[in-house]
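In: Coordinates only, no sequence provided:
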């Protein structure tokens, strides 16, 4: 195991007990994500992509297999605040200003105030919210709230960024703009990103590799290399290379037997 | 803290809301005055129209027998509203004693102080119970039924017991003034809504926010301080209001029951006893208790204003 492996999963499985017996959310997942890599998890509802992300974040515990984050257990990585996380809902605390929301992870880890304030100013600039640091979440649009959530995830400069459909609730225009910003931020920070999404174009645009998953039981069916030979800008979205990769991912998704989506 | 950073743009929102809020306030005061006026008008109208000795059925002619269908309206039973007001400014007990309204305000102040102390004890105890019940489900299972049962015990029966215990403690060397018993009884009513409201409020945060705290490796204490307590505020404010009203009622009843001097409860009983010769007098302490309730509610409203930041989730952009 080398230190350049950010996430390493071997035979990872998760079984949820339920009233009608056990539900296999995830089975036999083998995955290596290199440091600095941008990897998307894509698949229909119930394929276990969010479950896999939650296992990496140690918000749930695997029932079988091995999982290490840069050599540490998922639990240790969480306790060391090695990752930042963003969800589909921005999940901002409504009683805190933008600045105080971004500062939350830093407060939890007892950063001194001066250092915290400097870092918050830096992050607000990074996501383009410098003029809004004193606002409260209910005074922001959905896109702006999501930017705050991303800034918060980046607060402690984590080497690993976990994102669970962060743009899923946004309109298409805002979505594309934030995708471009995320691509820039990921490149600037050189962080490893694990990104869960429903959207094929989003996954192809952002990712170095797209992990295609399938439900019942949740598993990985294919991994497609989508690293672009050029910068991730709006021109990429119109390039033939991009379209051919979108097609490749679509075929991989539809090649898997289609089942009715179950709940998770 | 960083939260206090002000942005010029942010004031627009507040400024836009202000005129309508001002009008709303005027309307509220208007309705309040109208309500009080309506009560006075109804009182005087019935006094004017109703039979002086009321209507009683099934009585044998002796006082207190039969069923009263319509109350009596003569001046001893129903003094004029203006007589009640005039009585407030007359000497408390003849001669050159201070005006009744001063005595009432003094007594109300004493009782309000005891109610406030009781409220404070109740809030602290209730909050700690709420936190303990949220922290350990076993505590909730074991304690919550008893907390509910505790409120069924009639206060009037319970007050002398507390007083007797206090007296015993006092005799054993630890000083226990009688007013402490009153405050304690007031707190007995006040803690209940706080404990229940606190428990509900602490359980209010979304799963998402709890995940977020966990992902930041926040422990129980950090989650409590940064998430659960702030999220509990909207549930806690109505509980504090209820607790304030309960504390006032508890303090008045406890004074009556224990016979503590100097408070408004005792004054109420004393003046009611002399009502046949001085019918307007007991109304002064009655209004005094109403004012106490209003002051208590105002106090909690001020707390609500101070904690406005934590109620932001309630209004949307």
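Out: Arrived safely. Note that the coordinates shown come from a computational prediction; the quantities given were computed from them, not determined experimentally.
In: quick one: buried residues of stretch A:145-164?
Out: Buried residues in stretch A:145-164, defined by neighbour count with 16 or more other CB atoms under 10 Å in any protein chain shown: A:145-156, A:158-164. Quick note: C-beta positions are derived from backbone N, CA and C, even for glycine.
In: before we move on, what about stretch A:203-214?
Out: Using 16+ other CB under 10 Å as the test for burial, stretch A:203-214 gives A:203, A:204, A:205, A:206, A:207, A:208, A:209, A:210, A:211, A:212, A:213, A:214.
In: Now find how far off-centre that stretch is within its chain.
Out: Distance of stretch A:203-214 from the chain centroid (CA atoms, centre = their mean, to the nearest Å) equals 11 Å.
In: neighbouring contacts of it?
Out: Contact partners of stretch A:203-214, identified using CB atoms under 8 Å, 6 or more residues apart in numbering or on different chains, comprise A:31, A:37-44, A:47-49, A:52, A:179, A:182-183, A:186, A:193, A:195, A:197, A:219-227, A:232, A:236-237, A:242, A:245-246, A:249, A:252-253, A:256-257.
In: Buried ones among these?
Out: For those, a burial check counting by 16+ other CB under 10 Å picks out A:31, A:37-44, A:47-49, A:52, A:179, A:182-183, A:186, A:193, A:195, A:197, A:219-220, A:222, A:224, A:226, A:232, A:236-237, A:242, A:245-246, A:249, A:252-253, A:256.
In: where does chain A dip in pLDDT?
Out: Along chain A, the parts satisfying pLDDT under 70 run over A:1-3, A:256-264.
In: With chain B instead?
Out: Low-confidence segments of chain B (pLDDT under 70): B:1-22, B:59, B:61-64, B:313-317.
In: can you do 50?
Out: Low-confidence segments of chain B, defined by pLDDT under 50: B:1-18, B:315-317.
In: mind listing the strands for it?
Out: B:55-57, B:67-70 (DSSP state E).
In: same thing with the stretch 151-264 of chain A?
Out: Per DSSP state E, counting those that start in this stretch, the stretch 151-264 of chain A carries strands over the ranges A:160-164, A:192-197, A:209-214, A:219-225.
In: would you list every one of the helices in the stretch 151-300 of chain B?
Out: Along the stretch 151-300 of chain B, the segments classed as helices by DSSP state H, counting those that start in this stretch run B:155-171, B:178-202, B:207-215, B:220-223, B:229-258, B:264-273, B:283-306.
In: Just send the ones you listed back as JSON lines, with mean neighbour count and distance to residue B:101 too.
Out: Converted to JSON lines, the helices of the stretch 151-300 of chain B look like this (neighbours: other CB atoms under 10 Å in any protein chain shown; distance: least, CB to CB, whole Å):
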{"stretch": "helix B:155-171", "mean neighbour count": "15", "distance to residue B:101": "28"}
{"stretch": "helix B:178-202", "mean neighbour count": "25", "distance to residue B:101": "23"}
{"stretch": "helix B:207-215", "mean neighbour count": "18", "distance to residue B:101": "52"}
{"stretch": "helix B:220-223", "mean neighbour count": "14", "distance to residue B:101": "50"}
{"stretch": "helix B:229-258", "mean neighbour count": "24", "distance to residue B:101": "18"}
{"stretch": "helix B:264-273", "mean neighbour count": "20", "distance to residue B:101": "12"}
{"stretch": "helix B:283-306", "mean neighbour count": "17", "distance to residue B:101": "6"}
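In: Turn these into CSV, columns for distance to chain A.
Out: Listed next are these as CSV, based on distance: least, CB to the nearest CB, whole Å:
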stretch, distance to chain A
helix B:155-171, 37
helix B:178-202, 13
helix B:207-215, 4
helix B:220-223, 6
helix B:229-258, 5
helix B:264-273, 39
helix B:283-306, 13
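In: now the ones you listed as TSV including distance to residue B:75?
Out: Listed next are the helices of the stretch 151-300 of chain B as TSV, based on distance: least, CB to CB, whole Å:
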stretch	distance to residue B:75
helix B:155-171	31
helix B:178-202	34
helix B:207-215	63
helix B:220-223	64
helix B:229-258	26
helix B:264-273	16
helix B:283-306	13
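In: Contacts only, for the residue nearest the centre of chain A.
Out: In chain A, the residue lying closest to the centroid (CA atoms, centre = their mean) is residue A:163, at 2.0 Å. Counting by CB under 8 Å, 6+ apart, residue A:163 touches A:85, A:86, A:150, A:153, A:193, A:194, A:195, A:196.
In: contacting residues around the residue nearest to residue B:242 when sequence neighbours are not counted?
Out: Setting aside the residues directly before and after it, residue B:242 is nearest to residue B:193 in space (CB to CB, 6 or more residues apart in numbering or on different chains), at 4.0 Å. By CB under 8 Å, 6+ apart, the contact set of residue B:193 is B:126, B:238, B:239, B:240, B:242, B:243, B:246.
In: before we move on, what about residue A:109?
Out: Applying CB under 8 Å, 6+ apart to residue A:109 gives the contacts A:81, A:156, B:216, B:217.
In: Identify the farthest-apart pair in those.
Out: Farthest pair in these (CB to CB) is A:156 and B:217. Separation: 10.5 Å.
In: Overlap of the contact sets of the two?
Out: Shared contacts of residue A:156 and residue B:217 (CB under 8 Å, 6+ apart): A:81, A:109.
In: So which residues of the stretch 1-150 of chain B form helices?
Out: All helices of the stretch 1-150 of chain B, identified by DSSP H, counting those that start in this stretch, fall at B:10-49, B:81-89, B:100-135, B:137-150.
In: most packed of the ones you listed?
Out: Greatest average neighbour count among the helices of the stretch 1-150 of chain B goes to helix B:100-135 (a mean of 22), per mean count of other CB atoms under 10 Å in any protein chain shown.
In: Break chain A down into its domains, please.
Out: With domains defined by automatic domain parsing, chain A comprises A:1-82+A:161-264, A:86-157.
In: Quick one: closest of the ones you listed to residue B:112.
Out: Proximity to residue B:112, assessed across the domains of chain A by CB to CB, is greatest for domain A:86-157 (31.1 Å).
In: starting at the chain centroid, how far to that closest one?
Out: Put simply, domain A:86-157 sits 17 Å off its chain's centre (CA atoms, centre = their mean).
In: ditto for stretch B:177-186
Out: Taking mean C-alpha positions (CA atoms, centre = their mean), stretch B:177-186 and its chain are 16 Å apart.
In: repeat for stretch A:27-46
Out: For stretch A:27-46, the distance to the chain centre is 10 Å (CA atoms, centre = their mean).
In: That stretch spans what distance, first to last residue?
Out: End-to-end distance for stretch A:27-46, by CA to CA, to the nearest Å: 12 Å.
In: Stretch A:223-235 too?
Out: Calculated as CA to CA, the first-to-last residue distance of stretch A:223-235 is 25 Å.
In: circling back: of the helices of the stretch 151-300 of chain B, give the one that comes closest to residue B:119.
Out: Each of those has some distance to residue B:119 by CB to CB; the shortest is helix B:229-258, at 4.0 Å.
In: Against which helices or strands is the closest one packed?
Out: Helices and strands touching helix B:229-258, by 3 or more CB pairs under 8 Å, 6 or more residues apart in numbering or on different chains; DSSP states H and E, are helix B:100-135, helix B:155-171, helix B:178-202, helix B:264-273, helix B:283-306.
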